[in-house]
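Chemist: Coordinates for the following, if possible.
(chains A, B, C and D)
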2 protein chains.
Amino acid sequence: MRVSTRFSDSIHLLAFLNIYADQHLTSDLIASSIETSPVVVRRLMGKLRQAGLITTTPGSAQPALAKPLAQISLLQIFYAVEGDKPLFAVDPKTNPECIVGGNIQTVLQQYYQDAQTAAEARLARTSMQDIVDNILVEQAKKEALPHN
Amino acid sequence: MRVSTRFSDSIHLLAFLNIYADQHLTSDLIASSIETSPVVVRRLMGKLRQAGLITTTPGSAQPALAKPLAQISLLQIFYAVEGDKPLFAVDPKTNPECIVGGNIQTVLQQYYQDAQTAAEARLARTSMQDIVDNILVEQAKKEALPHN
DNA sequence: CTTCCTGTAACTATATGAATTACTGTGATT
DNA sequence: AATCACAGTAATTCATATAGTTACAGGAAG
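Modeler: Below is the predicted model:
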């Protein structure tokens, strides 16, 4: 498949709302930063709003973070936009007549869940505050270099 | 995209090679357990052979594990068949003129890598021996139940 | 030399995600 | 209240990753 950039783009979007909070935040402006279409941005905002991470006003360009940066973890964002898809997929259709085919799902389920939980624990430990801080640090590094 | 079951099916395949080592292991037989086509099985075996996990003989149905079960970790299998794809995708195309768009990739890269490494560490800790043991335990549980 | 099988390439079918088009309805401005 | 800017969302199209299928060359084993 085409690999999903929803998670990545959502983090981008939330950082943008914070850093450019003083601007007129239309879906068009946000889309120009992510380099996607305004409709995609509005769809992402829909998911993030449902998850309680942002607030929006129909008809008016004033999306805003619903909580402080430090209280929004990458895991919350991940669940908001990709929450239904496991990281590792178990083949759902195997031959139940076979010792392997009849039991593999049950067995893999546990180990896959363990691995996913390990990754999620990491995502839970990182907040949008960390992301924004790092973005600003990277930007400062660039500006410290001589310009040509 | 359609979600990949290569990893899952490869674990299935390796377990099958061990448990049914005494059978005539044609790609057709293996395919009937995974409920896929023989060509898909041969393609998976190709990857697993390249990764040094199994040995095969062209023209002859005798695939076999290249090492003991305990020395094959889930991580090795994952790399063999999905190794090129990161678990979390960074949107590669964002507006470099923007503070967020110009730095988000660099920042996400680190955090995504951390999360992926955490998951991989888990996969590295589990071997095909664990998988096969668990499959046999599950099977024994079923056989202990009264049959109708 | 015939049969069974692997290894692959080429093609088709299907699923997911993103982009596009189009529309409804809200809010702000005059 | 009329108009304009914009959010929200459905429906469609387009692109791409995977799996399934067909086809065939070549090895193994009787």
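Chemist: in the longest helix anywhere in chain A, what counts as buried?
Modeler: Ranked by residue count and defined by DSSP state H, the top helix of chain A is helix A:99-125. Under the neighbour-count criterion of 16 or more other C-beta atoms under 10 Å in any protein chain shown, helix A:99-125 has A:99-105, A:107-108, A:111-113, A:115-116, A:118-120, A:122-123 buried. C-betas here are computed from N, CA, C, even on glycine.
Chemist: for stretch A:32-45, same thing?
Modeler: Quick answer for stretch A:32-45 (16+ other C-beta under 10 Å): A:32-36, A:40-42, A:44-45.
Chemist: tell me the mean pLDDT for it?
Modeler: The average of the pLDDT scores along stretch A:32-45 is 98.
Chemist: about what we covered before: can the longest helix of chain A be found next to chain B?
Modeler: Yes - using C-beta under 8 Å from any C-beta of the partner chain, helix A:99-125 reaches chain B at A:99-104, A:106-108, A:110-111, A:114-116, A:118-123.
Chemist: pLDDT (mean, whole number) over the helix or strand following that helix?
Modeler: Downstream of helix A:99-125, the first helix or strand assigned by DSSP states H and E is helix A:128-144. Mean per-residue pLDDT for helix A:128-144: 97.
Chemist: Which elements pack onto helix A:128-144?
Modeler: Here helix A:128-144 touches helix A:6-19, helix A:74-82, helix B:99-125, going by 3 or more C-beta pairs under 8 Å, 6 or more residues apart in numbering or on different chains; DSSP states H and E.
Chemist: burial of residue A:145, as a residue count?
Modeler: By other C-beta atoms under 10 Å in any protein chain shown, the residues close to residue A:145 number 7.
Chemist: Near DNA strand D, which residues of chain A? Just list them.
Modeler: A:1-3, A:24-28, A:38-39, A:42-43, A:45-46, A:49, A:56-61, A:63 (C-beta under 7 Å from any atom of the strand).
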